[in-house]
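> Compute the structure for the input listed below.
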Amino acid sequence: MQTMPTLIIKAQEYLEHDPGAGHPESPKRLATIYDRIAKPDVAPLYRVEHPREATIEELCWNHARPYVERIERTAGVPHFQLDPDTATSAGSWQAAILAVGGVFTAMDAIADKKAENGFALVRPPGHHAERDQAMGFCLFNNIALGAYYARRVLGHRRVLIVDWDLHHGNGTQHSFYDSSDVLYFSTHQYPHYPGSGAADQTGEGHGKGFTVNIPLAPGAGDLEYAAIFNKILAPVAAEFSPDFILVSAGFDIYAQDPLGGMLVTEKGFAWLARKLMKIADHCCEGRLLFCLEGGYNLTGLSEGVTAVIKECAHSSILSEKETEAFGAAASLPDTAGSALEIQKAYWKGLGA
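Predicted coordinates:
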């Protein structure tokens, strides 16, 4: 029985970020999600908060000030090309500071027990954004800044970031590559954009072992992802024992996404959310926030988000038989098995 509502971060300003005609990361992505979750089967399951703005000082936790000020100067400019894939429009600065601030708003509500969990339905996405560089449709690294917020403002010691987006979150990895306080766990199609995320990229210095990359060949589907979460993520998370879990939720691993080659369905997204909820319940009193990243098939995007929201609100789309099958999934893809062997050097729970 749900005791607190699921929180959704939602804002019209997010639709004002427009990278240009024909760009995959279009405002229609979020508009489609907003329309879907307004339908009667979903709307009663959550409450909405409008995000606050992130300050420049907060953005500089993860980004160089000259870079932040460069993005600020694009405010009101109809179009500015930052790299071959990433552009801004007149409303992009406002959308970007509200995207980061939306993560903070949701984390405050979860920490204050005003929400059981949440989903920041924001754009632009964030996990490719580097300290001083826009990349891959991303301006500021929303999820990395959330990890800083958890530690600097909310007083948490350890943060787990789980990134199931099709593409590796190079910016997030680089943000915490030498840190033992933030564990970055990524499943991603490999080799694929942006080219990082090999299994032997495990961190450096104090962060050695606190980056867990699970590179995957195209064709992984629901049961393969379930096996990775069951056999690798769950024991690593239990040993790390995070105080807050943040999820870079990319829906471009959907079976018909035009930018990827994975085979995940909305049932698979529901299971990934359920497994993360169980981990959060065990480790950190349920503190769990999903943050939207990629996803470019509008049906997969809207139905995948809906499946996650329903799971968060204890209104699952999974049957008992499906739940049992996902829970028993243990057959790892070859590349995930190789990553598991590498990670055994760092995590006792994975076996010697």
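> gap between stretch 44-59 and the chain center?
With CA atoms, centre = their mean, to the nearest Å as the basis, stretch 44-59 stands 16 Å off its chain's centre.
> I'd like the average pLDDT over that stretch.
What stretch 44-59 shows for mean pLDDT is 98.
> So what touches it?
With contact meaning CB atoms under 8 Å, 6 or more residues apart in numbering, stretch 44-59 is reached by 5-11, 37, 65, 68-69, 72, 94, 97-102, 104-106, 109, 115, 119-120, 122, 140, 145, 148-149, 309-310, 312-313, 315. C-betas here are computed from N, CA, C, even on glycine.
> Mark which of these are buried, thanks.
Among the contacts of stretch 44-59, those scoring as buried are 5-11, 37, 68, 94, 97-102, 104-106, 109, 115, 119-120, 122, 140, 145, 148-149, 309-310, 312-313 (criterion: 16 or more other CB atoms under 10 Å).
> Out of these, name the ones that lie in strands.
Using DSSP state E, the subset of those located in strands is Thr6, Leu7, Ile8, Ile9, Phe119, Ala120.
> Provide the partner residues of the third one in its beta bridges.
Applying DSSP bridges to Ile8 gives these bridge partners: Val48, Phe119.
> Would you check that Pro78 makes contact with Ala90?
Yes - the pair Pro78 / Ala90 is scored as a contact, 5.6 Å apart, by CB atoms under 8 Å.
> Those two: who's more crowded?
Legend: neighbour count by other CB atoms under 10 Å for Pro78 and Ala90, higher for Ala90 (16 against 10).
> Quick one: neighbours of the closest residue to the more buried one other than its chain neighbours, just the number.
Closest residue to Ala90 apart from its sequence neighbours, by CB to CB, 6 or more residues apart in numbering: Gly76 at 5.1 Å. Look at Gly76: counted by other CB under 10 Å, it has 11 neighbours.
> Check the one 3 residues further on too.
By other CB under 10 Å, the residues close to His79 number 13.
> Repeat that for His23.
13.
> OK, contacts around it?
His23 sits next to Ala87, Phe137 when contact means CB under 8 Å, 6+ apart.
> how about it, secondary structure?
Following DSSP: H, G, I helix; E, B strand; the rest coil, the label given to His23 is coil.
> Could you check how far it is from Ala99?
Distance, His23 to Ala99, using CB to CB, to the nearest Å: 17 Å.
> and what of Cys284?
23 Å.
> Surely Ala144 and Gly126 touch.
Yes - at 7.3 Å, Ala144 counts as touching Gly126 under the criterion of CB under 8 Å.
> okay, and the common contacts of those two?
The contact sets of Ala144 and Gly126 overlap at Gly171 (CB under 8 Å, 6+ apart).
> beta partners of Glu130?
On the basis of DSSP bridges, Glu130 takes part in beta bridges with Gln133.
> same question, Cys138
Beta-bridge pairing of Cys138 under DSSP bridges involves Met135.
> Can you pull the poorly scored residue ranges out of the stretch 201-350 of the chain?
Across the stretch 201-350 of the chain, nothing is flagged by pLDDT under 70.
> where do the helices sit along it?
222-228, 234-240, 266-284, 298-312, 320-328, 334-343 (DSSP state H, counting those that start in this stretch).
> Same check on the stretch 1-150 of the chain?
Going by DSSP H, counting those that start in this stretch, the stretch 1-150 of the chain shows helices at 27-37, 56-59, 65-72, 92-111, 142-152.
> what's the fourth one packed up against?
Meaning helix 92-111. Helix 92-111 sits against strand 6-9, strand 46-49, helix 56-59, helix 65-72, strand 117-120, helix 142-152, strand 244-249, strand 288-292, with contacts defined as 3 or more CB pairs under 8 Å, 6 or more residues apart in numbering; DSSP states H and E.
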